[in-house]
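Peer 1: Sequence first, then the predicted structure:
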Amino acid sequence: MSTSYQTASQTASQAASQTASQAASPATGKHTERAQAVREFIADVRKRVPDAARASPQQLAEAAALLQALGSRRDLFPAEEFPLVPGRPGTLYRLAEDVDGGYALYLSLGEAGKAQPPHDHTTWAIIAGVHGNERNEVYRRAPTADPLRDALTHVRRVDVGPGSSIVLGPNDVHTIELIGDEAGAHLHFYGLALDRLHGRVVFESTAGGTYRTFSPPAAIYHARVSPDALQEALRGDAEIAVLDVREAGRYARRHLLYAVPAPLWRLEVLADRLVPRRDTRIVLVDDDESQAHLAAAKLTRLGWSDVSVLAGGTDGWARAGLEVFTGTNVPSKAFGEVIEHEKQTPWIDVDELHERISRGDDIVVVDSRTPEEFHHFTLPFSHSLPGAELVYRIRELAPDPNTFVVVNCAGRTRSIVGAQTLIDAGIPNRVASLRNGTMQWLLSGRELAYGRHAALPEPGEAARDAARQQARDVAQRAGIGYVDAATLHAFEAEQDTRTLYKFDVRTREEYETGHLEGWRWAPGGQLVQATDDYLSTRRARVVLADWDGVRALTTGAWLAQLGAVEVYLYQPPAWAALQSGPEPRRVLRHRPEAASVRPQALRAALDADEVIVFDVESRVAYERGHVPGARFAAPDRLAQFLSPDDHRTVVLTSSDGVLASVVAAELAWRGKHAVQYLLGGTRAWKAQGLALDTGAAGVLTGDDDQSISPYLFEDLSARDEGFREYLDWELGLVAQLERDGSEHIRLIPAAR
């Protein structure tokens, strides 16, 4: 397997030069050209039709000319990306839509002979040809003596093919029919999106007569990409983000290696952090396309312009013979297994560790997980030292080079990566990972400690100096280096064409005390352990703020070896202005805000049996504490638990109310129930002194929302079996990577 991985040797300046070259001549495909052409079309229309609700005939005529020009670029709409759906005479694809539904652009496909009866739009509409001939018969509508019947009078006939178009007013009625033997493809452009036109009507005949409400299209699709084309793109040089829109528990059962969990109902909270650049190529994945097109519609409305769907979803990927993975944070965990496999990272088993501790050997055990995880459980004798802190602080715990240092975590990855971090840095101590971590400790019949608080040791000046030298050496071997303020500003100026992530990798307390404006918090160990929680755009730029000369360098070195992104370091000036407080979250909106209810009012409504409460965030959090009487359901399955005969108001809650507000807005928009959300969420309920219930009673959707850790199993035999299955799975990841053919990992040479 050693031939699959390369030694990193680029310097930061070489990488920056290469990046500039790529930016000057970016790799383009039809998806990129199409996205750019559609963006330019919408921008040009806005100049000519600045107010879609008050468009003049002259303005619409100018927009029609622009639409004709877009339609003339037939190569932008290839059949492999826009196929007719089998069993349907016509298929509609969404190309663009504003957050309020305005300036909605579609590609309408139809088999020869496809026809629609007389109907109106209630907004202006423009149709332009791509190929085929769509015949439009236009009618004027007039009332009759019968208030339930209107008359239609034929006004004109317009055949729309390539190079031609038709403009229809809000009150125009028309029929369409594809003439001849050729299937048709036409661009349809509306002042308001089709699924918002609830007042449209369709007539019984071309003479008029009775009419009924014309329902929105049953399905609107988005451009598709085949499994082979996606695999090729993932191995290419251009930026791409693959988002899996299923709930995280379902994602964990089977998914693409580089797909990042971004559930459909949580996109408003997650998408901006995961894919900050709105022109990034995004491919959405689910099981079978049942949710991906809904997610594509949401992202399109929220401003992303290059969105497509994996044809056939994960099922189609598997049918194509491509590798499917299980579990969470798989790229990072596979990375840990590759490290041990390639670099032969030393390990110690739990029996030997127990024996050494019992006889009083000179040994220090450090837990490389987060302080919060350390607090939940840890080895009784371990010290908390999260991954990015290892090189920075280890000398305070093991000042004697003869001290044996053992790194542990809950399973394998952070033990291996942590131990190899110290080895690569060249500390003089003997270092090993604890084989299989606390899982193996429990499997051996031993006990853990619970509720311990992390107490990170502060390094002295001599220790910091030594750590800086070692971190610089690691960064140099990984091929990363510093960018100055001018280069960083240039990166920031290019954020519309190249994705830029800026992370502060220090501890939570340090970040919240003061950080650079606009920089996100990503503790270094977690950024390496769970990269897909923080960024999803492959080949993006990542800049790490280096405050101490150690933690950002060791974190950056691992990211560079993982190989998915370009990594740079930035040393903030001593006089830099700082922001304090936790990282702000940006929540996107594309639906009207649902009504909120405060805790005391909700308690009164519960007492009166006027509401039904659902917690929608996390089963684990629900079991730890929830509003009494609430039930838990993953957002994507919530609707199935709402009875049309139950007229109580639906109230949603989440930990802080943010996700609940997003889900409530979507549910209210669908219009079948009165929906509110608990303002401030379960946290606010508790802050008001109101009691919380605990336990699994009321859980409706099992582990759909997240993969449930074996540590949470109450049955010890089931827990131990879960541990064994997990450890076997991790050990099998190297073989899976070989079958997948991934070649992004590039490990650094050993320390000199």
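Peer 2: Looks like it arrived, so ask away.
Peer 1: in this protein, which residue is closest to the centre?
Peer 2: Ala262 (3.5 Å; Cα atoms, centre = their mean).
Peer 1: give me phi/psi at the residue of the chain positioned farthest from its centre?
Peer 2: Here the chain has its C-alpha centre computed as a mean, and the residue farthest from that point, by Cα atoms, centre = their mean, is Ala145 with 56.7 Å. Dihedral angles phi and psi of Ala145 (degrees, to the nearest 10) take the values phi -70, psi -20.
Peer 1: Next one: it from Asp120, what distance?
Peer 2: When Cβ to Cβ, to the nearest Å is the yardstick, Ala145 and Asp120 sit 21 Å from each other. (Glycine included, C-beta is placed from N, CA and C.)
Peer 1: one step back: can you check the pLDDT for the residue nearest to the centre of the chain?
Peer 2: At Ala262, the model reports a pLDDT of 97.
Peer 1: Hmm, Val242 and it touching each other?
Peer 2: No - distance between Ala262 and Val242: 9.5 Å, which falls outside the contact criterion (Cβ atoms under 8 Å).
Peer 1: Mutual contacts of these two, please.
Peer 2: Each of Ser536 lies in contact with both Ala262 and Val242 under the rule Cβ atoms under 8 Å, 6 or more residues apart in numbering.
Peer 1: Need the three-state assignment for Pro401.
Peer 2: Secondary structure state of Pro401, per DSSP: H, G, I helix; E, B strand; the rest coil, is coil.
Peer 1: which phi and psi does it have?
Peer 2: According to degrees, to the nearest 10, the main-chain angles of Pro401 amount to phi -60, psi -10.
Peer 1: for it, what are its contacts?
Peer 2: Pro401 makes contact with 427-429 under the criterion Cβ under 8 Å, 6+ apart.
Peer 1: now do Pro457
Peer 2: Under the criterion of Cβ under 8 Å, 6+ apart, the contact list for Pro457 reads 383, 393, 396-397.
Peer 1: can we see that at 10 Å?
Peer 2: Contact criterion Cβ atoms under 10 Å, 6 or more residues apart in numbering gives 383-385, 389, 392-397, 463 as the residues in contact with Pro457.
Peer 1: What's the separation between it and Glu396?
Peer 2: 4 Å.
Peer 1: out of the contacts of Pro401, which are buried?
Peer 2: Neighbour counting with 16 or more other Cβ atoms under 10 Å marks 427, 429 as buried within the contacts of Pro401.
Peer 1: what's the neighbour count on Ser164?
Peer 2: For Ser164, the number of neighbouring residues by other Cβ atoms under 10 Å comes to 16.
Peer 1: quick one: contacts for it?
Peer 2: 64, 68, 71, 127-129, 133-134, 158.
Peer 1: got a markdown table for those residues, with pLDDT and secondary structure too?
Peer 2: Compiled in a markdown table, the contacts of Ser164 are given as follows (pLDDT from 0 to 100; DSSP: H, G, I helix; E, B strand; the rest coil):
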| residue | pLDDT | secondary structure |
| --- | --- | --- |
| Ala64 | 97 | helix |
| Gln68 | 97 | helix |
| Gly71 | 97 | helix |
| Ile127 | 98 | strand |
| Ala128 | 98 | strand |
| Gly129 | 97 | strand |
| Asn133 | 96 | strand |
| Glu134 | 96 | strand |
| Val158 | 97 | strand |
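Peer 1: a strand runs through Glu137, doesn't it?
Peer 2: Yes - secondary structure assignment places Glu137 in a strand (three-state DSSP).
Peer 1: in the sheet, who's paired with it?
Peer 2: The partner list for Glu137 in beta bridges (DSSP bridges) reads Arg157, Thr175.
Peer 1: show me the contacts for it.
Peer 2: 118, 152, 154-158, 173-177, 206.
Peer 1: ok, so what distance separates it from Ala601?
Peer 2: Glu137 sits 56 Å away from Ala601 when distances are taken as Cβ to Cβ.
Peer 1: what does Leu95 give?
Peer 2: Distance, Leu95 to Ala601, using Cβ to Cβ: 44 Å.
Peer 1: neighbour count winner among the two?
Peer 2: Just comparing Leu95 and Ala601: by other Cβ under 10 Å the higher neighbour count belongs to Leu95, 26 against 15.
Peer 1: Just the mean pLDDT for whichever helix or strand the more buried one is part of, thanks.
Peer 2: Element membership of Leu95 [criterion: DSSP states H and E] is strand 90-96. The average pLDDT within strand 90-96 is 97.
Peer 1: pull the CA atoms of that strand into CSV?
Peer 2: Output of strand 90-96 as CSV, limited to C-alpha atoms (Å, rounded to 0.1, in the frame of the first residue of the first chain):
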residue,chain,number,x,y,z
GLY,A,90,-42.5,15.7,-19.2
THR,A,91,-39.9,16.5,-16.6
LEU,A,92,-39.1,19.9,-15.0
TYR,A,93,-35.7,21.0,-13.8
ARG,A,94,-35.0,24.0,-11.6
LEU,A,95,-32.1,26.1,-12.7
ALA,A,96,-32.5,29.2,-10.5
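Peer 1: now for it, which elements pack on it?
Peer 2: Where contact means 3 or more Cβ pairs under 10 Å, 6 or more residues apart in numbering; DSSP states H and E, strand 90-96 is packed against helix 30-48, strand 102-110, strand 184-192, helix 292-301.
Peer 1: rewinding a little: need the residues touching each of Pro457 and Glu396.
Peer 2: Contact criterion Cβ under 10 Å, 6+ apart; residues bridging Pro457 and Glu396 by contacting each: 383, 385, 463.
Peer 1: which of those has the most neighbours?
Peer 2: Neighbour tally across those (other Cβ under 10 Å): the maximum, 29 neighbours, falls on Leu385.
Peer 1: Assess the claim that that residue and Leu397 are in contact.
Peer 2: Yes - A contact is recorded between Leu385 and Leu397 when judged using Cβ atoms under 10 Å, the distance being 7.0 Å.
Peer 1: And what about Pro117, helix, strand or coil?
Peer 2: For Pro117, the reduced secondary structure class is strand; criterion used: three-state DSSP.
Peer 1: contacting residues around it?
Peer 2: Applying Cβ under 10 Å, 6+ apart, we find Pro117 in contact with 173, 175-176, 202-206, 211, 214.
Peer 1: do the same with Arg224
Peer 2: Arg224 makes contact with 80-83, 93, 283, 289, 292-293, 308-312, 316 under the criterion Cβ under 10 Å, 6+ apart.
Peer 1: Of the residues you listed, which belong to strands?
Peer 2: 93, 283, 308-310 (DSSP state E).
Peer 1: all strands of the stretch 401-550 of the chain, in order?
Peer 2: Under the criterion DSSP state E, counting those that start in this stretch, the stretch 401-550 of the chain carries strands at the ranges 404-408, 431-434, 500-504, 515-516, 520-521, 541-545.
Peer 1: These: which one's closest to Thr554?
Peer 2: strand 541-545 (10.0 Å; Cβ to Cβ).
Peer 1: tell me the average confidence for the closest one?
Peer 2: 98.
Peer 1: Check which element follows that strand along the chain.
Peer 2: Proceeding C-terminally, strand 541-545 gives way to helix 551-562 as the next helix or strand, assigned by DSSP H and E.
Peer 1: circling back: please spell out which residues along the strand holding Leu95 are buried.
Peer 2: Neighbour counts using 16+ other Cβ under 10 Å place 90-96 of strand 90-96 among the buried residues.
Peer 1: Which single one of those residues is nearest to Trp669?
Peer 2: Arg94 (17.0 Å).
Peer 1: Check what pLDDT the closest residue to that closest one other than its chain neighbours gets.
Peer 2: Leaving aside its chain neighbours, Arg94 sits nearest to Ile220 (5.0 Å; criterion: Cβ to Cβ, 6 or more residues apart in numbering). Reported pLDDT at Ile220 in the predicted model: 96.
Peer 1: And Ile220, how far from Ser332?
Peer 2: 36 Å.
Peer 1: so what's Val366 up against?
Peer 2: When contacts are taken as Cβ under 10 Å, 6+ apart, Val366 is in contact with 379, 382-387, 389-390, 393-394, 397-398, 405-409, 415, 418-419, 422, 431, 434.
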